[in-house]
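J.: fold the following.
(one chain, ligands or ions: 1)
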Amino acid sequence: MKRIVTIQDISCVGKCSLTVALPIISAMGVETSIIPTAVLSTHTMFNNFTCKDLTEEINPITEHWKKEEIGFDAIYTGYLGSFEQIDIIANLFDDFKTPDNIILVDPVMADNGKLYPAFDEAFAKKMATLCAKADIIVPNITEASFMTGMEYKEVYDEAYIKEMLGKLSELGAKISVLTGVSFKEGTTGVMGYDKENNEYFYYSNERLNASYHGTGDIFASTCVGALMNGLNWKDSLKIAADYTAECIRLTMEDPAKPWYGVNFEEAMPYLMKLINK
Ligand code: PXL
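T.: Residues are numbered from 1 along each chain as shown. Next up, the predicted model:
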């Protein structure tokens, strides 16, 4: 069985970060180890959330793992809390990278043209240095605009997205993916660029008229799970996009839906079909 480690916060309530990565990647038949970077009462879209930083635990955890000779088939990072955490995780990449494993960085920090409350532009530039060490990065257009310095646009064409993918790939990752890309009204999707093979891939679904928190984490987690199931990057993006869309569809149908996340649990049987489990 493949084993990955995912490094992000625990938002105790909020259907994001580790509380979605763990169930999704595990359900895809992949052992899911974690490093919790902080414990929050909820994600940061709630008011008055509590937060306990766990940065000082990261090195002792990885030192123990090194002694135990524990390795990983993938390393996946999501929401991170500080410059110091990024430095520590960059070193962790150096220690745990092998010729065969995959590093996926989801530079979670912004959406809809704005940074999340905890972050500023300097943090986005710092996150770009972590993206430089990844094999695959999966920012949304807002995150990519902060990391590349390109203007954020809500109305754009394919040339803008391709230029952004070009600038992202200059950061260093082999495969750069932009999420939330739409070229036609009523659709939304993802576009990826494999710089070694100079190859683009676009995949879209019907755009559902709702926007929910946590969908980026669901997308990234599903990508990691699909890659660990032996799918290539393009099929992995497709499965992740389809599952995320189904999560949103089921959530829209649910009159009792929570405001803070999606019904990803209900869409799990669909995900199992997608990966033939
Ligand atoms: O879903 C991304 C995410 C993860 N973790 C925390 C967040 C957010 C988004 O707001 O606040 C703590």
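
J.: residue 257 against residue 247, yeah?
T.: No: the criterion here is Cβ atoms under 8 Å, and residue 257 misses it with residue 247 at 10.9 Å. To be clear about C-beta, it is placed using only N, CA and C from the backbone, and glycine gets the same treatment.

J.: so which residues on the stretch 101-250 of the chain come close to the ligand?
T.: Along the stretch 101-250 of the chain, the residues adjacent to the ligand under the rule Cβ under 6 Å from any ligand atom are 108, 116, 213-214, 216-217.

J.: buried residues of stretch 230-241, list them for me.
T.: By neighbour count on 16 or more other Cβ atoms under 10 Å, the buried set for stretch 230-241 is 231, 233-241.

J.: average model confidence for the helix or strand harbouring residue 63?
T.: Residue 63 belongs to helix 55-67 when assigned by DSSP states H and E. Confidence for helix 55-67, expressed as mean pLDDT, is 98.

J.: list the buried ones in it?
T.: By 16+ other Cβ under 10 Å, the buried positions in helix 55-67 come out as 55, 58, 61-62, 65.

J.: helices and strands around it, which ones?
T.: Helices and strands touching helix 55-67, by 3 or more Cβ pairs under 8 Å, 6 or more residues apart in numbering; DSSP states H and E, are strand 31-42, helix 83-96.

J.: so which of these is nearest residue 224?
T.: Ranking these by proximity to residue 224 (Cβ to Cβ) places strand 31-42 first, at 9.0 Å.

J.: check contacts around residue 242.
T.: Shown in contact with residue 242 (Cβ atoms under 8 Å, 6 or more residues apart in numbering): 205, 274.

J.: pLDDT score assigned to it?
T.: Residue 242 carries a pLDDT value of 98.

J.: show me where pLDDT drops low in the protein?
T.: For the chain, no stretch has pLDDT under 70.

J.: can you show me the strands along it?
T.: Counting by DSSP state E, the segments of the chain that form strands are 3-13, 31-42, 51-53, 74-77, 102-105, 110-111, 114-115, 136-137, 175-181, 187-194, 199-206.

J.: just name the most buried of those strands.
T.: strand 136-137 (a mean of 28; mean count of other Cβ atoms under 10 Å).

J.: distance of residue 253 from the ligand?
T.: As judged by Cβ to the nearest ligand atom, to the nearest Å, residue 253 and the ligand stand 22 Å apart.

J.: just give the number of residues close to that residue.
T.: Number of residues near residue 253 (other Cβ atoms under 10 Å) recorded here: 10.

J.: ok, the one 4 residues further on next?
T.: Neighbour count for residue 257, taken as other Cβ under 10 Å: 15.

J.: tell me who's in contact with the closest residue to it other than its chain neighbours.
T.: Leaving aside its sequence neighbours, residue 257 sits nearest to residue 251 (Cβ to Cβ, 6 or more residues apart in numbering; 5.0 Å). Going by Cβ under 8 Å, 6+ apart, residue 251 touches 210, 212, 257, 262-263.

J.: now residue 3: closest residue in space, sequence neighbours ignored.
T.: Of all residues not flanking residue 3 in the chain, residue 31 sits nearest, at 4.1 Å (Cβ to Cβ, 6+ apart).

J.: roughly how far out does stretch 268-275 sit from the chain middle?
T.: Stretch 268-275 has its average C-alpha position 19 Å from the chain's average C-alpha position, going by Cα atoms, centre = their mean, to the nearest Å.

J.: stretch 173-193 now?
T.: Stretch 173-193 sits 14 Å away from the centroid of its parent chain (Cα atoms, centre = their mean).

J.: same question for stretch 65-83.
T.: Per Cα atoms, centre = their mean, the centroid offset for stretch 65-83 relative to its chain is 15 Å.

J.: near the ligand, anything from that stretch?
T.: Yes: judged by Cβ under 6 Å from any ligand atom, stretch 65-83 comes into contact with the ligand through residue 79.

J.: shared neighbours, residue 257 and residue 247?
T.: Common neighbours of residue 257 and residue 247 are listed as residue 263 (criterion: Cβ under 8 Å, 6+ apart).

J.: before we move on, back to that, could I get the helix holding residue 63 in CSV with only the CA atoms?
T.: The C-alpha trace of helix 55-67 is given here as CSV (Å, rounded to 0.1, in the frame of the first residue of the first chain):
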residue,chain,number,x,y,z
THR,A,55,5.5,24.5,14.5
GLU,A,56,7.8,23.4,17.3
GLU,A,57,6.5,19.8,17.0
ILE,A,58,7.4,19.4,13.3
ASN,A,59,11.1,18.8,13.6
PRO,A,60,10.9,16.4,16.5
ILE,A,61,8.3,14.4,14.6
THR,A,62,10.5,14.2,11.4
GLU,A,63,13.6,13.4,13.4
HIS,A,64,11.8,10.4,14.9
TRP,A,65,10.7,9.3,11.5
LYS,A,66,14.2,9.5,10.1
LYS,A,67,15.5,7.3,12.9
